[in-house]
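*Asks:* I would like to see how this sequence folds:
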Amino acid sequence: MHHRITSVRCPQILIGRSNMIVNWAHAWPTAIAAFLASLVEFVEALTVVLAVGAVRGWSGALIGSGAALGVLLAIVVAIGPALARIPLDVVQLAVGALLLLFGMRWLRKAILRSAGVIPLHDEDAIYSRQTESLRKLGQRGRGWDKVAIATAFKITMLEGTEVVFIVIAVGSGGVGLLVPASVGALAALLVVVLLGFVVHKPLASIPENTLKFMVGVLLSAFGAFWVGEGMGLRWPGQDWSILGLIAGFLIIALIATPFRRARLSARDAAKR
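*Replies:* Reported below is the predicted structural model:
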């Protein structure tokens with residue numbers, strides 16, 4: 001985790017003196033974090049893309065989604081090598097701070113949803129709203145369906161941008177971590193695409209709030225770890241201390257959920 005990146009041999013990935021030999025014994029938390037976070041984002045994008053395909057036709061939905069994925073891939077290819085020219089401690093500090101804020105935001109919303117303060121994310125309801133909105137735009141004409149392409153492109157870019165940020169964030173903490181982060185994100189994409197082709201309906205059965213709870217914990221732990229790395233802190237056990245940070249954030253979140261639920265119940269009782 002303390003080696004500086006010194007060269008770039010391939011436009012897609014960062015390569016250091018070790019020729020990018022991935023130590024999967026230490027890289028698996030990165031792959032899991034990227035997989036779970038990407039899974040949540042791709043599920044949300046799939047809901048809208050399915051609505052576009054059902055109402056406006058699958059050609060426009062696939063063209064819009066494919067174009068967005070191409071743009072996102074180009075962003076990763078462009079940004080990845082650029083990070084190699086920035087000192088590793090600076091990257092770790094900046095990305096770690098952003099990742100910590102990003103993870104805490106997800107974790108806060110997951111706690112509030114679990115406590116009943118804000119409603120759970122309902123993919124079926126979102127699908128219904130999207131299909132109704134698309135039907136109001138009228139039937140598609142001949143040629144390119146600009147509405148379908150634009151809608152699919154927009155949602156894929158919106159959710160995919162967060163995936164790109166997560167991949168770069170969890171992959172820029174050390175030499176060789178961009179590969180497992182990318183593998184995790186691609187695995188999530190394949191899982192969601194396959195499920196979408198099989199079921200042809202929103203993946204409402206996936207416990208999205210539970211996933212966001214887990215991802216919030218993971219990203220917060222990674223963010224805290226890399227902020228410490230960027231500040232020169234030597235963590236006990238090096239990479240393995242991430243497990244301790246995960247356990248710490250998880251315990252705090254599990255305590256906060258019933259506490260927030262109890263406060264909500266007390267407030268509701270006081271109103272009666």
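*Asks:* pLDDT on whichever helix in the chain runs longest, on average?
*Replies:* Secondary structure of the chain read by DSSP state H shows that its longest helix is helix 24-56. Regarding helix 24-56, the rounded mean pLDDT is 80.
*Asks:* can you list the residues that contact stretch 49-61?
*Replies:* 62, 64-65, 127, 130-131, 134-135, 140, 144-145, 147-149, 151-152, 155-156, 196, 200-202 (C-beta atoms under 8 Å, 6 or more residues apart in numbering). Where you see a C-beta, it was placed from the backbone N, CA and C, and this is true even at glycine.
*Asks:* try stretch 110-117
*Replies:* Here stretch 110-117 makes contact (C-beta under 8 Å, 6+ apart) with 118-121, 209-210, 212-213, 216, 253, 256-258, 260-261, 264.
*Asks:* Could you identify the buried members of those residues?
*Replies:* By neighbour count, with 16 or more other C-beta atoms under 10 Å, these hold 121, 209, 212, 213, 216, 253, 256, 257, 260, 261 as buried.
*Asks:* Now do the same contact list for the fourth one.
*Replies:* For residue 213, the residues meeting the contact criterion (C-beta under 8 Å, 6+ apart) are 107, 110, 111, 114, 253.
*Asks:* Neighbours of the nearest residue to residue 229 once chain neighbours are set aside, how many?
*Replies:* Computed as C-beta to C-beta, 6 or more residues apart in numbering, the closest residue to residue 229 that is not its neighbour in sequence is residue 92, at 4.6 Å. Counted with other C-beta atoms under 10 Å, residues neighbouring residue 92 total 25.
*Asks:* ok now stretch 28-44, how far from the chain's centre?
*Replies:* Centroid displacement of stretch 28-44 relative to its chain, using C-alpha atoms, centre = their mean, to the nearest Å, is 5 Å.
*Asks:* Tell me the buried residues in that stretch?
*Replies:* 29-44.
*Asks:* circling back to that earlier point, I'd like to check the angle between the next helix or strand after the longest helix of the chain and helix 24-56, please.
*Replies:* Downstream of helix 24-56, the first helix or strand assigned by DSSP states H and E is helix 58-83. Counting by axes from the mean of the first three to the mean of the last three C-alpha atoms, to 10 degrees, helix 58-83 points 150 degrees away from the direction of helix 24-56.
*Asks:* next helix or strand past helix 58-83?
*Replies:* Per DSSP H and E, the first helix or strand lying C-terminal to helix 58-83 is helix 88-114.
*Asks:* I'd like the distance from that following helix to the chain centre, please.
*Replies:* That offset, for helix 88-114, works out to 11 Å (C-alpha atoms, centre = their mean).
*Asks:* Same question for it: list its buried residues.
*Replies:* Residues 88, 91-96, 98-100, 102-104, 106-107, 109-114 are the ones in helix 88-114 that count as buried (16+ other C-beta under 10 Å).
*Asks:* Wait, a helix at residue 116?
*Replies:* No. Under DSSP: H, G, I helix; E, B strand; the rest coil, residue 116 sits outside any helix and is assigned coil.
*Asks:* List phi and psi for it.
*Replies:* For residue 116, the backbone dihedrals (degrees, to the nearest 10) come out as phi 80, psi 10.
*Asks:* Mind pulling up the pLDDT for it?
*Replies:* 78.
*Asks:* Same question for residue 16.
*Replies:* Reported pLDDT for residue 16: 39.
*Asks:* Residue 176 too?
*Replies:* 68.
*Asks:* Please apply the same query to residue 129.
*Replies:* The model reports residue 129 with a pLDDT of 76.
*Asks:* Thanks a lot, catch you later.
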